[in-house]
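*Asks:* Dropping the sequence and predicted coords here.
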Amino acid sequence: MVNPRNPFTVGQPVAPEAFVGRKNLIAIAFDQIYNRSNLAIWGGPGMGKTSFLNLLTSEQVWQSEDIDPSTAVIVYLNCLEIKPFMPAIFWRKIISLIREKTKDDTILQPIV
């Protein structure tokens, strides 16, 4: 019996198509998304947080969960890039990402 190759390498996120395991955590995350609730991802270095978040932003994964990705605006922001971290800067970046993601949406763009 051959064991599948472990796609996880510390310091390098795994692409969504190579992500394996954590089915229960994925289900919990999509339950939170579906219910328009909140979800915090926490863990030490090398635990797979970035890979997990990349997975959650993948439109193919949304479709595999029977959720239409066009019903949401999916953005990814690495908070480590905000130096110094300040809430006002965080929200400016989030709004900027949403504006960029919806730039061709004539309904959403005026309100973002």
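*Replies:* Now that the structure is in, tell me what you want to look at.

*Asks:* Tell me where this protein has helices.
*Replies:* Applying DSSP state H to the chain gives helices spanning 23-34, 49-56, 59-64, 87-101.

*Asks:* And the contacts of the last one?
*Replies:* Residues from elsewhere that reach helix 87-101 (CB atoms under 8 Å, 6 or more residues apart in numbering): 73-77, 79, 82, 109, 112. From N, CA and C alone the C-beta is placed, and that goes for glycine too.

*Asks:* Need the residues you listed in CSV (columns: pLDDT and neighbour count).
*Replies:* Formatted as CSV, the contacts of helix 87-101 follow (pLDDT from 0 to 100; neighbours: other CB atoms under 10 Å):
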residue, pLDDT, neighbour count
Val73, 84, 14
Ile74, 81, 15
Val75, 84, 16
Tyr76, 84, 10
Leu77, 86, 13
Cys79, 86, 10
Ile82, 92, 14
Gln109, 70, 12
Val112, 67, 14
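
*Asks:* quick one: which of those residues is nearest Pro45?
*Replies:* Using CB to CB, Cys79 comes nearest to Pro45 of those, at 14.5 Å.
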